[in-house]
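Undergrad: Here is a sequence together with a model predicted from it:
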Amino acid sequence: MKNRNLQIRDDGGLRHLLSISGLTNELLTRILDTAESFAGVTEQTVKKVPLLRGKTIVNLFFEASTRTRTTFELAAKRLSADVLNINITQSSTIKGESLLDTLRNLEAMHVDMFVIRHADSGAAHFIASNVEPHISVINAGDGRHSHPTQAMLDMFTIRRIKGPDFGRLRVAIVGDIMHSRVARSQIHALNLLNTGDVRIVAPKTLIPAHCEALGVHVFHDLQEGIRDADVIIMLRLQRERMLGALLPSEHEYYELFGVTEEKLAVAKPDVTIMHPGPINRGVEMDSEVADGSRSVILEQVTHGIAVRMAVMSMAIRHREETPE
Amino acid sequence: MKNRNLQIRDDGGLRHLLSISGLTNELLTRILDTAESFAGVTEQTVKKVPLLRGKTIVNLFFEASTRTRTTFELAAKRLSADVLNINITQSSTIKGESLLDTLRNLEAMHVDMFVIRHADSGAAHFIASNVEPHISVINAGDGRHSHPTQAMLDMFTIRRIKGPDFGRLRVAIVGDIMHSRVARSQIHALNLLNTGDVRIVAPKTLIPAHCEALGVHVFHDLQEGIRDADVIIMLRLQRERMLGALLPSEHEYYELFGVTEEKLAVAKPDVTIMHPGPINRGVEMDSEVADGSRSVILEQVTHGIAVRMAVMSMAIRHREETPE
Amino acid sequence: MKNRNLQIRDDGGLRHLLSISGLTNELLTRILDTAESFAGVTEQTVKKVPLLRGKTIVNLFFEASTRTRTTFELAAKRLSADVLNINITQSSTIKGESLLDTLRNLEAMHVDMFVIRHADSGAAHFIASNVEPHISVINAGDGRHSHPTQAMLDMFTIRRIKGPDFGRLRVAIVGDIMHSRVARSQIHALNLLNTGDVRIVAPKTLIPAHCEALGVHVFHDLQEGIRDADVIIMLRLQRERMLGALLPSEHEYYELFGVTEEKLAVAKPDVTIMHPGPINRGVEMDSEVADGSRSVILEQVTHGIAVRMAVMSMAIRHREETPE
C-alpha cells in the first residue's frame, strides 16, 4: 500500500519503481508494451533515441555489480541521457556525511533519476520516501527484497514467446527461493499477470516460511515441480549468501535440483528455459540445457536493455508531459 | 603577480583558474554574470547547451574526491563536452613516468582542459606553468592553498540573495581557518568584491599566523564574531587534517563554536547560513540551523554547477573567439 | 593464416584487428590513409565526427592500463560512439562466470566492438574466434604477442615524415625485443610496407631466438646498429617483466644502449627518434634526445588517436555498408 502510493502517480503514471508489489496489471502491461517499442530500436543499426537528451541519471551503487550497472548505463545512454556512476563506498559517506545529505546534494545538482543498488532490503524504498518531487528512484536490487526490472524482463521474455495470456501458463521457479530478491519479484509479477500456475521448487532449507501465502505451489521434488511446465526459471545459487550449511554440497544440489535434458522430459516439449545469470554451469543446470534451443537466457539480457529503457523513460517523461 | 599573468590573458579574458588571488574584480564579476545565465539553464527542462561540443575535459585527480569530481563532470556534460576521468594514482605514474611526461601525453591527444585536484599546495600552478597554449587549467583544490570555484559559488550565492553591493555586508567565516583552502579563497574573493567587513571566528589554535594581513577581523568568541552578521559561512571541521591535539574534543568545539538557532539571535534577522559541505551535524552546527529557512547550503551546490560551467566555457571559448 | 581469415572479410574489408601479421599491404595502407583524414579532424576546432553515433564500444580490460584505455576511449568519443569501460577483474568473473558467458552477455546487449587488453598472448584472438558476426574485436595488447595499433601509429608517423616509400628506409629498433609485443608488431608492419633495412639492436639476453627468421638484421652494438639509420625506435625497458637478472643494471644498460646526442652522430642527420612511451629518462635515452628537435614521441601520441579512429570506424562501418 505504501509502495503503491510511492510508485504510482495520481493519474496512474509511473513515479518510482521500487518493487513489483504495488504495481497494477495495467501499469505493468504498459511498461511491457513500451519495452516492446524499444526492443525494436535496439535491433536497428542506429540504436539511440533522443528521448532523455539533457537528463542526468545517477547510478548510485552501494554494492558493486558491474553487470547490473552496465545494463542501466547502456539503457540510459541509448535514451541519450548523461550518466554519472557513483560508487558510494568510495564517496563522501566515508567522510561521515549521512546518506540523506548525499542525496540532498545530488538533488541540488538537478539530476533526474537515482538508480539504487544496496545490500539492505528497503533501501530504495527509504530513498524514494525522501527524494524531492523532481527525482525518480529505480530499484536495481535491494538486499533480499526486490529486483523489479529483472522480473519485468523475465515477464517480457515470456510474453514474447508464449503470448499475452499468462492464465494458461504453468511456470516453475527452481532454486534458492529463500535468498533471492529475484524470486520474490518474479512471483509478484506472475501473480499480477494472472499466471495460471506458479510453482516454486527447492529443498526445504531454501524455501522461506509462509510461502504459500504468496499464492504459489511448493515442491521439493524437481520432477514433480517441473511436470508439464511451460516455463522453467532457474535461480542462481547464491553461494556467497548462504551462511552456514543449508546445502550438503553443490554436487548433491546438482544431483537433486540441477536441470538436465533428461530431467526436462517431464516438462512440456516447448518448455522455455530461463535464468537471470550469471549461470553456475553444472550446478543449476548443465551446459546442454543452458545453450540448448529452448534456452532464452541471452534473450533475457537483450530484453533487459529494452525494459530498463521503458522504465527510465516512462518515469522521467511522464513528469514533463503531465503538469502536476 | 605570477598568478595574475598565468590566469588572465592580455586582453583580460580568463586563461587558467588557479586561485582567487590574482583575479580582478572585473573578471570575477564577469564570471558571476556568466554563471547567472547558466543558473537559468539548469532550472529548465532541457539542461544541456552545446557550447563545448567536441571539446575534451580531463578530470586529473591526484586525490580522490567523488563530490568535487561529480560537480565538474556534470558541469562539463551540460556544456556537451566529453569528459575523461583519470585517477592518476592508478595511472602511468606508477610505472615511473614523470608528471610532466603524463601531461605532455594528454596534451598530444588534443584535450582542451585539465581540472586538477592535488594534495600539494601549488600543484595546479605548477601544471599551468607548464602546459601548452591550447590547454586551460582549473584548480579543483590544491593542498591548503586554494579552491577557487568553491569561493566563487559562495560569492554567487551571496550576490543572488543580498544583491551586488558587497560593501554593506558583514560576513563571518567560522571554523578551522588554518587548514582550509576554502577559507583562503573566500577571504580573497570577499576582499576582491570590496566586502564591508570580513571576519574570521575560530579558536586560537585554528587561526594561522599573520591573519590580519589578509584584511580580516579576527574573533575567538563566536557570539562576538557573528554579531550583526549578514552572512555566516561555516567551514567543515577537517578532522583528518588535524595532526595532533589542536582541539580538545568535537563536543567542546560544538559547545564553543557550533552554531545553534539560539546563538544566531545576535546576528541579523535575515542572516544567510552557508557551508561548503559535507556538514558534520552536531559539530559545526545543529540540524535546526542546517535545514532551517535561512540556510542556503543546498543552493550552494546548485550554484556550483553554474559557476563551473561559466569558468569552463569562458576559459575554452575565449581562445577560439579571440585569435592570439 | 588463421589470423588472416579472422581479420579480413571476404571482400578485403577489416573485420577484427588482432595482429599486424595476417594483414595485407593494401589493407594496412588503407587504414593509414583513413587515419590521415582523421588526423586533420583532430587538428580542427571541433574534433568530433558523427560516424559511430549510436554505436557502443566496450573497453574490456583484463589488465589495467590507463594510458591505452584513454586513447581508445578518446578515439571512440571523437567518433561519437558510446563507451563502456569494464575492468573485468572487478566484474562478474569473480562470481565464477566464465569469460565466454561474460562475452555472450555483452553481445546480447547489442554492443558493436570489444577493445581487449589482456596479459595472456592470444587472448584477443581467442575472443575474436568466439564472438558473433556483428561484433568486431580490437587487440589493445595481449601478453608478449601483439599490439597492432601501436605499430600502426608508428608506421603512420614514419610515413608522415619520410613519405610513403619505405623501401629506401633503414629503421633500427633498440631495446628489449624479447619481452616486447610492440617490437613484434613493428617488425611485421615494417616488413609489410617493404622497408629496405629493418634492424634490431639489443644485448644478447634481450633478443629472442630465431629472430633472423623475421627478416631483420640483429646487432648487439648500438653504434653499429644505428649507423646511417633514418629512423630509430626505442622500446621501453619493461623492468617489471624481466624475471631475474637479464640485465646487469639500468646504469650499465644506459651506458651501452641508451641513446644520447653524441651517439646519434653516426645516424643520418635527419634521423627520426621514436618511443612508444612512457619513457624512462636516463635509461633508454637522455632527455636531450627525448625532447630534441628530431624526436617525434609526442606526435606518435597524437597520431595514435587518428589511427584508432580509423581502425574502429573501418571495422564497424564496413559491416553496414556492405550487406553480408
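TA: Perfect, thanks for sending it.
Undergrad: Which of the three states applies to A:Thr205?
TA: Secondary structure, DSSP: H, G, I helix; E, B strand; the rest coil: A:Thr205 is helix.
Undergrad: contacting residues for the residue nearest the centre of chain A?
TA: With distances taken as C-alpha atoms, centre = their mean, chain A has A:Gln150 as the residue nearest its mean C-alpha position (1.7 Å). Contact analysis of A:Gln150 by C-beta atoms under 8 Å, 6 or more residues apart in numbering or on different chains lists A:141, A:182, A:185-186, A:276, A:304. Any C-beta I mention is one placed from the backbone N, CA and C, and that applies to glycine too.
Undergrad: Which element, helix or strand, includes it?
TA: Secondary structure assignment for A:Gln150, by DSSP states H and E: helix A:148-162.
Undergrad: Packing partners of the following helix or strand past that helix?
TA: Note on helix A:148-162: by DSSP H and E, the next helix or strand toward the C-terminus is strand A:170-174. Other helices and strands packing on strand A:170-174, by 3 or more C-beta pairs under 8 Å, 6 or more residues apart in numbering or on different chains; DSSP states H and E, are helix A:181-192, strand A:197-201, helix A:222-225, strand A:231-234.
Undergrad: centre of the chain versus the helix ranked longest in chain A, how much separation?
TA: Scanning chain A for the helix with the most residues, using DSSP state H, yields helix A:297-321. Here helix A:297-321 is found 12 Å from its chain centre; the criterion is C-alpha atoms, centre = their mean, to the nearest Å.
Undergrad: average pLDDT across it?
TA: In this model, helix A:297-321 has a mean pLDDT of 89.
Undergrad: so that helix versus helix A:148-162, what angle?
TA: Angle of helix A:297-321 versus helix A:148-162, following axes from the mean of the first three to the mean of the last three C-alpha atoms, to 10 degrees, is 120 degrees.
Undergrad: Enumerate the positions of helix A:297-321 that are buried.
TA: Applying a neighbour-count criterion of 16 or more other C-beta atoms under 10 Å in any protein chain shown, one finds A:297-319 buried in helix A:297-321.
Undergrad: Next: stretch A:225-237.
TA: Residues of stretch A:225-237 classed as buried by neighbour count (16+ other C-beta under 10 Å): A:225-226, A:229-237.
Undergrad: low pLDDT regions in chain A?
TA: Along chain A, segments meeting pLDDT under 70 span A:1-4, A:41-46, A:89-97, A:240-246, A:318-324.
Undergrad: and it, what are its domains?
TA: With automatic domain parsing as the criterion, the domains of chain A are listed as A:2-146+A:302-321, A:148-295.
Undergrad: Quick check: the gap between the closest residue to chain B within the stretch 101-250 of chain A and chain C.
TA: For the stretch 101-250 of chain A, the residue closest to chain B is A:Ala108, as judged by C-beta to the nearest C-beta, at 3.7 Å. Distance, A:Ala108 to chain C, by C-beta to the nearest C-beta, to the nearest Å: 27 Å.
Undergrad: what about that residue, how many neighbours?
TA: For A:Ala108, the neighbour count with other C-beta atoms under 10 Å in any protein chain shown is 19.
Undergrad: if I read this right, it contacts B:Val296, doesn't it?
TA: No - counting by C-beta atoms under 8 Å, A:Ala108 sits too far from B:Val296 to count as a contact (10.4 Å).
Undergrad: Which residues of chain A lie near chain C?
TA: Residues of chain A lying near chain C by C-beta under 8 Å from any C-beta of the partner chain: A:42-43, A:45-48, A:64, A:66-67, A:70-71, A:73-74, A:77-78, A:240, A:277-281, A:298-299, A:301-302, A:304-305.
Undergrad: circling back to that earlier point, against C:His303, how distant is the residue nearest to the centre of chain A?
TA: 45 Å (C-beta to C-beta, to the nearest Å).
Undergrad: try A:Leu222
TA: 60 Å.
Undergrad: A:Met309 now?
TA: Applying C-beta to C-beta to A:Met309 and C:His303 gives a distance of 38 Å.
Undergrad: A:Asp154 too?
TA: A:Asp154 is 48 Å from C:His303, by C-beta to C-beta.
Undergrad: A:Ala267 now?
TA: To C:His303, A:Ala267 is 59 Å away according to C-beta to C-beta.
Undergrad: can you check A:Leu51 too?
TA: Applying C-beta to C-beta to A:Leu51 and C:His303 gives a distance of 38 Å.
Undergrad: now swap in A:Lys48 and tell me
TA: Distance from A:Lys48 to C:His303, counting by C-beta to C-beta: 29 Å.
Undergrad: and if you look at A:Asp286?
TA: 50 Å.
Undergrad: So which elements touch the longest helix of chain A?
TA: For helix A:297-321, the packing partners by 3+ C-beta pairs under 8 Å, 6+ apart are helix A:25-43, helix A:66-78, strand A:113-118, strand A:136-142, helix A:148-162, strand A:272-274, helix C:99-108.
Undergrad: let's see 10 Å
TA: Counting contacts by 3 or more C-beta pairs under 10 Å, 6 or more residues apart in numbering or on different chains; DSSP states H and E, helix A:297-321 packs against helix A:25-43, helix A:66-78, strand A:113-118, strand A:136-142, helix A:148-162, strand A:272-274, helix A:287-290, helix C:99-108.
Undergrad: tell me the contacts of the spatially closest residue to A:Ala119 that is not a sequence neighbour?
TA: The spatially closest residue to A:Ala119, leaving aside those adjacent along the chain, is A:Glu63, at 4.7 Å (C-beta to C-beta, 6 or more residues apart in numbering or on different chains). Residues near A:Glu63 by C-beta atoms under 10 Å, 6 or more residues apart in numbering or on different chains: A:87-89, A:116-120, A:123, A:140-143.
Undergrad: Give the burial count for the nearest residue in space to A:Phe61 that is not next to it in sequence, as a bare number.
TA: Excluding the flanking residues, the one nearest A:Phe61 by C-beta to C-beta, 6+ apart is A:Arg117, at 4.5 Å. Other residues near A:Arg117 come to 24 when the count uses other C-beta under 10 Å.
Undergrad: how near is A:Arg117 to B:Pro278?
TA: Here the criterion is C-beta to C-beta. By it, A:Arg117 lies 22 Å from B:Pro278.
Undergrad: do A:Phe156 as well
TA: Applying C-beta to C-beta, the value for A:Phe156 to B:Pro278 is 40 Å.
Undergrad: next one: A:Ala315
TA: Noted for A:Ala315: a distance of 28 Å to B:Pro278, by C-beta to C-beta.
Undergrad: just A:Ser37 next, same as before
TA: Distance from A:Ser37 to B:Pro278, by C-beta to C-beta: 42 Å.
Undergrad: who's more crowded, the two?
TA: The neighbour count for A:Ser37 versus B:Pro278, taken as other C-beta under 10 Å, is higher for B:Pro278 (19 against 13).
Undergrad: before we move on, the earlier item: taking the buried residues of stretch A:225-237 together, which two end up most distant?
TA: In the buried residues of stretch A:225-237, two members sit farther apart than any others by C-beta to C-beta. They are A:Asp230 and A:Leu237, at 23.5 Å.
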